[in-house]
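S.K.: Sharing a model that was predicted from the sequence below.
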Amino acid sequence: MDRRSFVAGLAAATLVPRAAVSSETRPWEDILAGARGQTVYWNAWAGDERTNAFIAWTGEEMRRRFGVAVVHVRLRDTAEAVARVVAEKQAGRGSGGSVDLIWINGPNFLAMKTQGLLHGPFAEALPNWRFVDTTRKRSNVIDFTVPVEGFAAPWRMAQVVYVYDSARLAAADLPRSIPAMLAWAQGHPGRLTHPTVRNFLGATFLKQALAELAPDPDVLQRPADDAAFETAAAPLWVWYAALRPNLWRQGREFPETGPAQRQLLDDGEIDIAISFNPSEAAVSIANRLLPPTARVFVLERGTIGNTSFVAIPFNAANKEGAMAVANFLLEPATQAYAQDPRHMGNFTVLDLGKLDAADRQRFLDLRSDPALPTNEELGVPLPEPHPSWMTRLVAAWEARTH
Amino acid sequence: MLRAAPPLTLALFLLPIAAGLAGTALPAFGYLPALGHTEVSLDAWRELMATPGLADTLALTLRAGLLATALSVVLAIGFCALAHDRPWMRRCESALAPILATPHAALAIGFAFLILPSGWLVRMVSPDLTGWHTPPQIVTARDPQGLSFAGGLVLKETPYLVLMILAASVQMRVRDLTASARALGYGPAAAWLFAVLPRLYAQIRLPVYAVLAFSLSAVDVALILAPGTPPPLAVLAMRWFADYDLALYPRAAAAALLQLAVVAGTIVLWRLFEIAAARLGRAIILRGWRTPAAEPVAAGAALGAVAAGVAAFAAIAGMALWSVAAGWRFPDALPDALTLDVWIRHLPEAGRPIEATLAAGAAATVIALVLALACLENEQRAALRPGTGTLWLLYLPLLVPQIAFLFGVQVVLVQTGLDGTLAAVIWAHLLFVLPYVFLSLADPYRALDPRFARSAAALGAGRVRIFVRIKLPMLAKPILIAAAIGFAVSVGQYLPTLFAGAGRVATLTTEAVTLAAGADRRVLGVYAVLQAALPALVYGLALGLPRLMFRNRRGLL
């Protein structure tokens, strides 16, 4: 997607009248009653088996406890679901839409929010919202600099880490900065890669480098224009031009997704892989997807963190069921289950200080794991740049790699 | 009522394809009222042409498509030239069934694992023979030239063409023709190539064009085996169609039309090549050259065909092994231990896709059988000469790239509120199931000795009775085979399921392709095995049922 068409897309969107915003004010009991018997079509990227299993588990729990069926509509890319909602709006389908819940954030969320394609605000009406950490985990309320304003509910934290096999690389030799990564790659040609930049994780690889290399990182928090992008990204492209010939397959081909990249790591084709999940190593070891010696590391100057959300399209057919799912995802027991490295291993969006003792204990009981980084090791996550930076990075990368 | 069958059947095909093409063509030329564009413009084409890497995309598409088709044709012909008079040749059909039943995507997934630098082949010889403790840094699957992509297609298309040749040669007196040629001093392969192939080729021409069209526009195999930067044209169009940014919509439509032009142009090119090859062949025959080189060349091609067959079986076996592997790290040739864990964990979750796959496959196959039988019966009652014209029209969905009209079809489905329903998926599958069912049924149906029907009529049986009591039982075997083929075609559909099902109707194939982007290889193994097992099961039924039904009627077997 190049910049021109993105702008044109936004311009086209302004031709579309914004859907009437209906904020959620019904009592929760009414919503739960309405949810009973509904089937929620949860559109979610399906490239990660652990997440798929977690969504399947959510479906079982929802059926058992609330009489809500959950169908995982498996996407190759979140944009597919956004496109479907846009198409339905174009076709005049204002209700009874086919998408009930979307796993979303970043540019996809911005597009839906600015085009009035989302139901809400609803997140703050969820009973479990009171547990959400809105002060120290700012990405729960500000997604890629865009205020969420209750149009999406958080469900898991993400932070960039790099995964490696400690049996092959010594911790002392790890590249802990972006320039060091270039030097490492030059010393180990073909042993580093990143997912294609069309994939969010591949784009994040570049954003992480941009965050460290941009002369003035503050500019990333504002929408990018031509001049700002050129100035901020110039050192990145110098770095990348030197890096690319030293990547796996000389940087001519890239794995399609994060899991595909992890498979390369397990197959021994590469030595370092980027991940958005601090428990990537622990979870993958538990599922025999990586050797028991797999570990993660972060960069000295910090790594980008964000929150994954679920949102409800304006025309969703089963809004009550979707809200019930969103609320279920925020339950302390659910969050503890999700954070368990035997399941999904995603760090919680909740503020443990807001939980009662029993619920807090669920998190403290989680098995400590040598492959799991501590909070001190992870440091304070860096904020995501405004979505326009990602859009421009993808377009510029596409033009450069052809 | 029967007379309505052919027009009804054609309407089921031509109208949606025409509507779909229109729905793709209009936005490509700037007409998109939903977005406020009502003037014709070439902007979409300009944007398409300005796409970075478009030249590479086109080159890749043409190279892989032509290479895959040419190789498949050469291997299939070489194999038949060499093996046509072997006694085991007739049993080939059932040996090929598993490959034919395995959907393209499943085979591609297994093939990728076979040839990766860290794949099965390298694991088998490492580290003992190669010294490789880490995978070699070589480029195999997803190579920029598209060779692995072409290879993946060849695995599937060669057996299909062999089967088409086998079917076509039933109607020719192959033995007499080759015997005469042998008597004139031609070698066994040359005899078949010069005496049989020229006439036989006319009958496999349409299947060859279908292979060509498919190879140029495949999306599922391309997503697994073709390079992603830049990708083949159909994948590029697909990417843009799936984008939420509406401004990409006309450009995607333009790319889909370009895909249509590429296929049409390449078919014309192929036709010209056919004419030239025929001239050359005729000149060689007229000069009486005995072409001793034909024997080793045919032997080489036959060897290639056998290698493709072995690779296809290895691909399926590799994924089956992964599905029960506890752990299997490079450079081990075999998994450390076997376990059914992954099956136990994922089989319940695969229940829904299995149901959808079975339902869509069964419904599309039954409808296709009814329509095909109605058309054929009508043809006989009206004493029509089987025209080749209708054949062309039936083949249309196979010759027009899916991406070029499925998008327009989806717009119609959204407008009528039918998208995302199983009915829409069944109908979309029917577009591709019916041609294959009709083609596999037409020859046996027309070849049935008319004297059976006449005798029955003389004994006082009505037309319906003749059809039900005489024709259907006598044709039970080809009907069941046609059903099995139709079912396998349905199971393999990726794009039609995606577009008509609006992502909500998940089949084993859509699940497998989604997972192929890199999820756990063991889970992928489960889906690939299931994907191959269902059609194989139906094939088994088709081959076994007649034996059960007619165990006391030897002549019907």
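M.R.: Here it is on my side, so go on.

S.K.: if you look at stretch A:85-93, does any of it touch chain B?
M.R.: Yes. Counting by Cβ under 8 Å from any Cβ of the partner chain, chain B is contacted by stretch A:85-93 at A:85, A:86, A:87, A:88, A:90, A:91, A:93. Any C-beta I mention is one placed from the backbone N, CA and C, and that applies to glycine too.

S.K.: Please list the outside residues in contact with that stretch.
M.R.: Outside of stretch A:85-93, the residues within contact range by Cβ atoms under 8 Å, 6 or more residues apart in numbering or on different chains are A:16, A:19, A:97-99, A:102, A:112, A:115, A:117, A:313-315, B:34-35, B:244, B:246, B:411, B:414-415, B:417.

S.K.: List the buried residues in that stretch.
M.R.: By 16 or more other Cβ atoms under 10 Å in any protein chain shown, the buried positions in stretch A:85-93 come out as A:85, A:86, A:87, A:88, A:89, A:90, A:91, A:93.

S.K.: One more: stretch B:160-171?
M.R.: B:160, B:161, B:162, B:163, B:164, B:165, B:166, B:167, B:168, B:169.

S.K.: just how off-centre is stretch A:37-54 within its chain?
M.R.: 14 Å (Cα atoms, centre = their mean, to the nearest Å).

S.K.: does chain B sit close to it?
M.R.: Yes. Using Cβ under 8 Å from any Cβ, we find that stretch A:37-54 touches chain B at A:41, A:43, A:46, A:47, A:48, A:49, A:52, A:53.

S.K.: per-residue confidence averaged over that stretch?
M.R.: In this model, stretch A:37-54 has a mean pLDDT of 90.

S.K.: same thing with stretch B:539-557?
M.R.: The pLDDT scores in stretch B:539-557 average 78.

S.K.: re the thing from before, looking at the contacts of stretch A:85-93, which are in strands?
M.R.: Cross-referencing the contacts of stretch A:85-93 against strands under DSSP state E gives residue A:102.

S.K.: Low-confidence ranges, the chain, go.
M.R.: Using chain A. Under the criterion pLDDT under 70, the flagged ranges of chain A are A:1-22.

S.K.: wait, chain B
M.R.: B:1, B:34-36, B:384-391, B:517-519, B:554-557.

S.K.: hey, which helix is longest across it?
M.R.: In chain B, taking DSSP state H as the definition, the longest helix is helix B:341-381.

S.K.: and that helix, does that touch chain A?
M.R.: Yes. Helix B:341-381 is in contact with chain A by Cβ under 8 Å from any Cβ, via B:345, B:349, B:352.

S.K.: Contact residues of the stretch 301-402 of chain A facing chain B?
M.R.: A:398, A:399, A:401, A:402.

S.K.: Could you measure from the second one over to residue A:323?
M.R.: Spelled out, that is residue A:399. Using Cβ to Cβ, to the nearest Å, residue A:399 is found at 42 Å from residue A:323.

S.K.: try residue B:53
M.R.: According to Cβ to Cβ, residue B:53 and residue A:323 sit 44 Å apart.

S.K.: How about residue B:211?
M.R.: For residue B:211, the distance to residue A:323 - Cβ to Cβ - is 50 Å.

S.K.: more neighbours, these two?
M.R.: The residue with more neighbours, out of residue B:211 and residue A:323, is residue A:323; 30 against 26, by other Cβ atoms under 10 Å in any protein chain shown.

S.K.: what's the helix or strand for residue 254?
M.R.: In the absence of a named chain, this looks at chain A. Assigned by DSSP states H and E, residue A:254 belongs to no helix or strand.

S.K.: other chain: chain B
M.R.: Using DSSP H and E, the element containing residue B:254 is helix B:249-287.

S.K.: So what's the residue count around the closest residue in space to residue A:148 that isn't next to it in sequence?
M.R.: Nearest in space to residue A:148, with sequence neighbours left out and distances taken as Cβ to Cβ, 6 or more residues apart in numbering or on different chains, is residue A:141 at 5.4 Å. For residue A:141, the neighbour count with other Cβ under 10 Å is 18.

S.K.: Tell me which residues touch residue A:141, please.
M.R.: Residue A:141 touches A:134, A:147, A:148, counting by Cβ under 8 Å, 6+ apart.

S.K.: what does residue B:150 give?
M.R.: B:63, B:64, B:65, B:67, B:68, B:71, B:215.

S.K.: Distance of it relative to chain A?
M.R.: Distance, residue B:150 to chain A, using Cβ to the nearest Cβ, to the nearest Å: 16 Å.

S.K.: Phi first, then psi, for residue B:141.
M.R.: The phi and psi values for residue B:141, taken as degrees, to the nearest 10, are phi -60, psi 150.

S.K.: now it: how far from chain A?
M.R.: For residue B:141, the distance to chain A - Cβ to the nearest Cβ - is 9 Å.

S.K.: correct me, but that residue touches residue B:112?
M.R.: Yes. Assessed by Cβ atoms under 8 Å, residue B:141 is found in contact with residue B:112 at 4.5 Å.

S.K.: residues shared between the contacts of those two?
M.R.: With Cβ under 8 Å, 6+ apart, residue B:141 and residue B:112 have common neighbours B:119, B:148, B:225.

S.K.: List the ones among those residues that fall in helices.
M.R.: Counted as lying in helices by DSSP H, out of those, are B:148, B:225.

S.K.: And the shared contacts of residue B:141 and residue B:112, which is closest to chain A?
M.R.: For those, the residue nearest chain A by Cβ to the nearest Cβ is residue B:119; the value is 8.5 Å.

S.K.: Residue of the stretch 201-350 of chain A nearest chain B, please.
M.R.: In the stretch 201-350 of chain A, the residue that lies nearest chain B is residue A:260 (2.7 Å; Cβ to the nearest Cβ).

S.K.: Excluding chain neighbours, give the residue nearest to residue A:350 in space.
M.R.: Nearest residue to residue A:350, sequence neighbours excluded (Cβ to Cβ, 6+ apart): residue A:131, at 4.6 Å.
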